[in-house]
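J.: For reference, the sequence and a predicted model appear below.
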Amino acid sequence: MSGPLYLDYQATTPVAPEVAAAMQPWIDDKFGNPHSPHRLGREAAAAIEVARERVAEAFGAAAGAGRLYFTSGATEAANWALKSGAARLPEGRRRILTLATEHACVLDTVRWLGTQGYEIDILPVGADGLVELDLVADRIDGRTGLVAAMLVNNEIGVVQPVAEIGRLARERGALFFCDAVQGLGRVALPLEACDLVAVSAHKVHGPKGVGALWIREGVAIDPLLHGGGQEGGVRSGTLSPALCVGFGEAARLLGQRSGADRDHVEGLWRMARGLMKDWIPNGSETARYRGNLNIRRDGVDAARLISEVRQVAFSAGSACASGSGRPSHVLAALGLGERQARSSIRLGFGRYTGEAELEAALGLIVEAADRQLRHAA
């Protein structure tokens with residue numbers, strides 16, 4: 001790709017060429033409203049249904065136990081799942097449990113629910129970023145109606161034991177919501193343990209502005225957006241055929257390229273760990289998605305590093321939190337102090353990252369970090 005060397009795959013991924021090509025006709029000539037009864041509308045509606053099937057297939061064989069609804073993105077999907085799921089909780093089960101390292105769209109929604117009469121329980125994680133299952137088992141009780149846990153953490157890449165968390169929740173009569181945005185097509189999604197799952201297209205080489213919420217059959221939730229009820233009567237708003245088709249094509253490619261993508265990322269991970277051997281990883285090195293390398297080096301100013309190495313696109317954490325001036329809540333949950341957090345960077349790579357590109361980018365980062373430390377000595 002042209003422009004800066006790109007190592008920010010957790011913020012967004014490059015759009016696959018096949019995705020751009022699949023979307024183009026639905027931007028040019030096939031512009032009909034998919035909710036209109038004429039031929040152009042029916043063609044657009046049919047294309048959306050094909051896309052829906054393709055995204056559902058990326059969830060695995062168990063996807064048939066529920067239905068997938070398109071949304072504007074994962075933030076909408078998470079808000080819909082949590083607010084609507086909570087609204088139907090019976091008296092005596094209005095307790096919501098989640099983890100301290102969840103994405104802001106989950107934590108902020110849960111905290112808002114805490115102002116609406118719900119009891120909130122935010123569980124800590126260990127220094128490796130993982131929650132203790134014994135703690136989860138202890139805290140899910142007869143008052144708990146909703147549990148939320150992320151599959152792959154967007155900042156540090158650790159993979160939570162979602163299958164076990166979901167099993168504990170559902171065995172005790174609670175709904176389980178999973179943010180699978182960073183994990184779809186990359187790590188196993190234990191859909192059998194989930195009731196509600198949010199995903200996003202632009203994290204898997206699809207377009208921005210479209211995501212989805214999978215809802216298990218038998219789970220009833222109320223609309224978040226009211227209006228025409230275009231999506232199955234429960235989600236209002238005109239769907240974009242171009243965006244849905246793009247998501248569908250991105251999902252098809254996930255299935256087609258899963259093995260090759262996994263092997264490629266594994267090779268890039270080994271190279272990156274070798275080139276960044278003086279840096280300390282944040283979070284578990286084993287229970288993680290290998291396309292996310294969150295590391296720190298004492299004495300380095302990450303914000304200054306990003307400014308100095310303009311030839312490389314990388315970050316100090318979640319794109320959603322950039323500019324806030326606050327250290328990462330995820331790194332704080334791991335027990336890192338403010339100085340350690342401000343010495344941390346996140347490197348994200350994947351399908352379109354070349355080995356030469358990665359080596360060049362990491363060389364520039366290491367050189368700038370070494371220069372910082374020399375000047376500080």
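T.: Great, that's in hand. Numbering: from 1, shown residues only.
J.: For the stretch 1-150 of the chain, which segments are assigned as helices?
T.: For the stretch 1-150 of the chain, the helices defined by DSSP state H, counting those that start in this stretch cover 17-28, 39-59, 74-79, 85-87, 104-114, 133-139.
J.: what's the spacing between stretch 298-313 and its chain's center?
T.: 24 Å (C-alpha atoms, centre = their mean, to the nearest Å).
J.: Can you get me the start-to-end distance on stretch 203-218?
T.: 29 Å (C-alpha to C-alpha, to the nearest Å).
J.: cool, and stretch 112-123?
T.: 17 Å.
J.: Pretty sure N33 sits against E43.
T.: No. Assessed by C-beta atoms under 8 Å, N33 is found out of contact with E43, at 11.0 Å. Where you see a C-beta, it was placed from the backbone N, CA and C, and this is true even at glycine.
J.: my guess is A303 contacts F314, does it?
T.: No. Using C-beta under 8 Å, A303 is not in contact with F314; the gap is 11.7 Å.
J.: which of the two has more neighbours?
T.: F314 (25 against 12; other C-beta atoms under 10 Å).
J.: Hmm, the more buried one is touching I365, no?
T.: Yes. With contact defined as C-beta under 8 Å, F314 counts as touching I365 (7.2 Å).
J.: who touches both of the two?
T.: I345 (C-beta atoms under 8 Å, 6 or more residues apart in numbering).
J.: G142 and V204: what is the separation?
T.: 38 Å (C-beta to C-beta, to the nearest Å).
J.: The two: which has the busier surroundings?
T.: Comparing G142 with V204 by other C-beta under 10 Å, the one with more neighbours is V204, at 26 against 11.
J.: need the contact list for the more buried one.
T.: 13, 58, 184-185, 250-251, 254.
J.: So which of the residues you listed is the closest to G337?
T.: Relative to G337, the closest of these is T13; by C-beta to C-beta it sits at 31.7 Å.
J.: Torsion angles phi and psi at the closest one?
T.: With angles defined as degrees, to the nearest 10, T13 sits at phi -110, psi 150.
J.: With P281 instead?
T.: Torsion angles, degrees, to the nearest 10, at P281: phi -70, psi 140.
J.: Who does it form a beta bridge with?
T.: For P281, the beta-bridge partners are I295 (DSSP bridges).
J.: do you know how far it is from H103?
T.: 20 Å.
J.: Look at these two and report which has more neighbours.
T.: With neighbours defined as other C-beta under 10 Å, P281 and H103 compare such that H103 has more, 24 against 17.
J.: Next one: that one from N154, what distance?
T.: 6 Å.
J.: what do you get for H329?
T.: Distance from H329 to N154, by C-beta to C-beta: 12 Å.
J.: E76 now?
T.: The value you get for E76 to N154, if C-beta to C-beta is used, is 17 Å.
J.: and the angle from the helix ranked longest in the chain to helix 17-28?
T.: Longest helix of the chain, by residue count under DSSP state H: helix 241-275. Interaxial angle, helix 241-275 versus helix 17-28 (axes from the mean of the first three to the mean of the last three C-alpha atoms, to 10 degrees): 160 degrees.
J.: in helix 241-275, what counts as buried?
T.: By neighbour count with 16 or more other C-beta atoms under 10 Å, helix 241-275 contains the buried residues 241-254, 261-262, 264-265, 268-269, 272, 275.
J.: Show me what that helix is packed up against.
T.: helix 17-28, helix 39-59, strand 292-296, helix 355-376 (3 or more C-beta pairs under 8 Å, 6 or more residues apart in numbering; DSSP states H and E).
J.: Understood, closing this out.
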